[in-house]
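Student: sequence and predicted structure are below.
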Amino acid sequence: MTCPYLAYRSEAGGESFDTERAYCTAADRFVQAMRADVCNDRYDLDHAEDCEIYLAHADGGTS
Ligand code: SF4
């Protein structure tokens with residue numbers, strides 16, 4: 001399962017790219033390549049445990 005906040009966009013916040021990139025709708029910014037592994041639960045990573053942005057939103061903190 002991937003993170004529910006993960007989206008793919010080619011444009012946001014004044015940045016645009018030729019291809020779609022991983023975008024975090026919780027943080028409203030593009031995701032760095034290393035963190036995209038967490039967003040997609042690749043390897044032994046889990047967005048629900050390893051992403052502080054997800055955890056902050058899951059707690060109902062900042063949204
Ligand atoms: S950065 Fe965190 S909250 Fe955002 S899409 Fe990735 S795992 Fe989800």
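Tutor: Arrived safely. Predicted model only: the values in this text are computed from it and were never measured.
Student: mind giving me the packing neighbours of the lengthiest strand in the chain?
Tutor: Longest strand in the chain, counting residues (DSSP state E): strand 15-24. Packing partners of strand 15-24 (3 or more Cβ pairs under 8 Å, 6 or more residues apart in numbering; DSSP states H and E): strand 6-12, strand 29-30, helix 33-39. C-betas here are computed from N, CA, C, even on glycine.
Student: so can I have CSV of the ones you listed showing distance to residue 57?
Tutor: Formatted as CSV, the helices and strands packed on strand 15-24 follow (distance: least, Cβ to Cβ, whole Å):
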stretch, distance to residue 57
strand 6-12, 12
strand 29-30, 14
helix 33-39, 13
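Student: okay, those in a markdown table with distance to the ligand, mean pLDDT and mean neighbour count next?
Tutor: Putting the helices and strands packed on strand 15-24 into a markdown table (distance: least, Cβ to the nearest ligand atom, whole Å; pLDDT from 0 to 100; neighbours: other Cβ atoms under 10 Å) gives the following:
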| stretch | distance to the ligand | mean pLDDT | mean neighbour count |
| --- | --- | --- | --- |
| strand 6-12 | 4 | 97 | 14 |
| strand 29-30 | 9 | 96 | 15 |
| helix 33-39 | 3 | 94 | 16 |
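Student: of these, which approaches residue 46 most closely?
Tutor: Of all those, it is helix 33-39 that lies closest to residue 46, at 7.7 Å by Cβ to Cβ.
Student: show me what the closest one is packed against.
Tutor: Counting contacts by 3+ Cβ pairs under 8 Å, 6+ apart, helix 33-39 is packed against strand 15-24, helix 47-50.
Student: redo these as TSV? Include mean pLDDT, mean neighbour count and distance to residue 8.
Tutor: Shown next, in TSV, are the helices and strands packed on helix 33-39 (pLDDT from 0 to 100; neighbours: other Cβ atoms under 10 Å; distance: least, Cβ to Cβ, whole Å):
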stretch	mean pLDDT	mean neighbour count	distance to residue 8
strand 15-24	96	14	4
helix 47-50	97	15	15
